[in-house]
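S.K.: from the sequence below, what's the structure:
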Amino acid sequence: MPVAVIVNPVAGGRRSLAPEERVRLAGQALRRHGLDGRVEITRAAGHGSELARQALADRCELVVAWGGDGTINEVASELVGTATPLGIVRAGSGNGLARELGIPPQPERALDIALTGRDRAVDAGTIEGRRFFNVAGIGFDAAMAADFNALGGERRGPVRYGRVVARSLLRYRAARYTIEADGRRVETDAFLVAIANLSQYGSNAVIAPGARPDDGLFDVMVVGERGVAGRIGLVVRAYTRSVDRAPGVTRLFAARVVVTGDRPIRFHVDGEPCQGGTTVDARVIPAAIRVRVGQA
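M.R.: Presented below is the predicted three-dimensional model:
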């Protein structure tokens with residue numbers, strides 16, 4: 001079975017495995033399972049998509065993404081609508097999709113699952129032409145994603161991530177949005193609007209407790225404006241899986257979400273910042289990809 005393993009050499013920052021060690025482990029896993037494959041290194045943002053397209057053109061029967069949510073998004077986006085499954089080796093700062101699907105942090109174990117596990121159908125979302133598999137967001141989380149992205153891959157990590165969150169909590173100002181979700185309309189000053197396919201952003205920060213990746217629906221979390229104490233409390237709730245019980249939070253379930261603001265809307269897809277117009281349109285793609293997970 002031809003396999004392509006696509007490795008982001010800098011995902012996870014300085015303290016993660018060196019690129020040559022990732023290549024060695026991937027090649028070792030392929031040989032251990034008697035599989036024909038190749039290991040390729042990404043060179044820049046967007047290169048993962050290019051390598052995944054080439055893998056499909058070469059009729060690879062499995063594509064493995066080794067990296068963070070951004071790398072996984074690039075590779076998975078190319079696999080939508082195909083029969084080619086995605087394997088995941090987590091190496092980023094958040095690893096939201098990998099955590100939710102039970103992919104272990106140890107590369108050797110993750111590679112074994114990618115090469116021999118079972119396939120699970122997972123929904124995807126599309127927003128303004130960008131696909132996402134975990135969470136897309138508008139408001140505070142989009143601003144935070146932009147700040148975090150500006151740090152660059154080599155400077156990321158839990159400590160710097162915490163600093164970005166703290167700074168954004170103090171500086172961010174809510175905006176007025178109209179949210180239409182499968183016929184239901186909400187107009188509010190929102191701190192954030194999270195369009196969740198899965199429950200967490202990453203690092204176990206849960207925005208939509210209980211969200212399922214295979215129900216054909218988004219969990220739309222509309223979080224109203226709040227003071228600094230309320231914002232800090234929201235962070236605490238994210239790590240105790242109780243955001244849905246916080247005051248001023250509205251939860252909607254929808255296959256299509258249209259958000260309109262009074263100014264151009266900045267949003268993120270799986271942690272990658274994007275800029276849209278005054279209206280953004282998000283839709284579910286049911287059972288969009290097959291992802292390798294551990295045996296049940």
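S.K.: please, where are all the strands along the stretch 151-296 of the chain?
M.R.: All strands of the stretch 151-296 of the chain, identified by DSSP state E, counting those that start in this stretch, fall at 175-181, 184-196, 200-202, 205-206, 218-224, 249-254, 256-261, 266-269, 272-275, 279-293.
S.K.: what helices or strands is the fourth one leaning on?
M.R.: This points to strand 205-206. Using 3 or more CB pairs under 8 Å, 6 or more residues apart in numbering; DSSP states H and E as the contact test, the elements touching strand 205-206 are helix 228-239. (Each C-beta comes from the backbone N, C-alpha and C, glycine too.)
S.K.: elements contacting the helix it packs on?
M.R.: By 3+ CB pairs under 8 Å, 6+ apart, helix 228-239 packs against helix 158-171, strand 205-206.
S.K.: could you list the paired strands of the shortest one along with their orientation?
M.R.: Right, the one you point to is strand 205-206. strand 200-202 (antiparallel) (DSSP bridges).
S.K.: closest one to residue 88 among the strands of the stretch 151-296 of the chain?
M.R.: Each of the strands of the stretch 151-296 of the chain has some distance to residue 88 by CB to CB; the shortest is strand 279-293, at 6.8 Å.
S.K.: next, the angle from that closest one to strand 175-181.
M.R.: Counting by axes from the mean of the first three to the mean of the last three CA atoms, to 10 degrees, strand 279-293 lies at 60 degrees to strand 175-181.
S.K.: now strand 279-293: buried residues?
M.R.: 280, 282, 284, 285, 288, 289, 290, 291, 292, 293 (16 or more other CB atoms under 10 Å).
S.K.: quick check: closest non-adjacent residue to residue 258.
M.R.: Spatial nearest neighbour of residue 258, excluding adjacent residues (CB to CB, 6 or more residues apart in numbering): residue 180 at 4.5 Å.
S.K.: show the pLDDT at the one you found.
M.R.: pLDDT, residue 180: 98.
S.K.: before we move on, what about the one 5 residues further on?
M.R.: Turning to residue 185, the model gives it a pLDDT of 97.
S.K.: what of residue 159?
M.R.: 64.
S.K.: residue 156 now?
M.R.: 52.
S.K.: ok so, going back, residue 128 is nearest to which of the strands of the stretch 151-296 of the chain?
M.R.: Comparing the strands of the stretch 151-296 of the chain under CB to CB, the one sitting nearest is strand 279-293, at 5.3 Å.
S.K.: any idea how far that closest one is from the chain center?
M.R.: Distance of strand 279-293 from the chain centroid (CA atoms, centre = their mean, to the nearest Å) equals 11 Å.
S.K.: again, but for stretch 206-219
M.R.: That offset, for stretch 206-219, works out to 13 Å (CA atoms, centre = their mean).
S.K.: now the end-to-end length of it.
M.R.: Start to finish, the residues bounding stretch 206-219 are 12 Å apart (CA to CA, to the nearest Å).
S.K.: what's in contact with that stretch?
M.R.: Residues outside stretch 206-219 that contact it (CB atoms under 8 Å, 6 or more residues apart in numbering) are 100-101, 120-123, 125, 133, 135, 137, 141, 181, 194-201, 221, 238-239, 241-244, 251-255, 257, 282, 284, 286-287.
S.K.: what subset of the residues you listed is buried?
M.R.: 100-101, 120, 122-123, 125, 133, 135, 137, 141, 181, 194-201, 221, 238, 241, 243-244, 251-252, 254-255, 257, 282, 284.
S.K.: tell me which residues in stretch 168-178 are buried?
M.R.: 168, 169, 172, 174, 175, 177.
S.K.: my guess is the first one meets residue 140, correct?
M.R.: To tie it back to what came earlier, the one meant is residue 168. Yes - assessed by CB atoms under 8 Å, residue 168 is found in contact with residue 140 at 6.5 Å.
S.K.: just to revisit the earlier point, if we take the buried residues of strand 279-293, which one ends up nearest to residue 37?
M.R.: Distances from residue 37 to the buried residues of strand 279-293, taken by CB to CB, are shortest for residue 292, at 13.9 Å.
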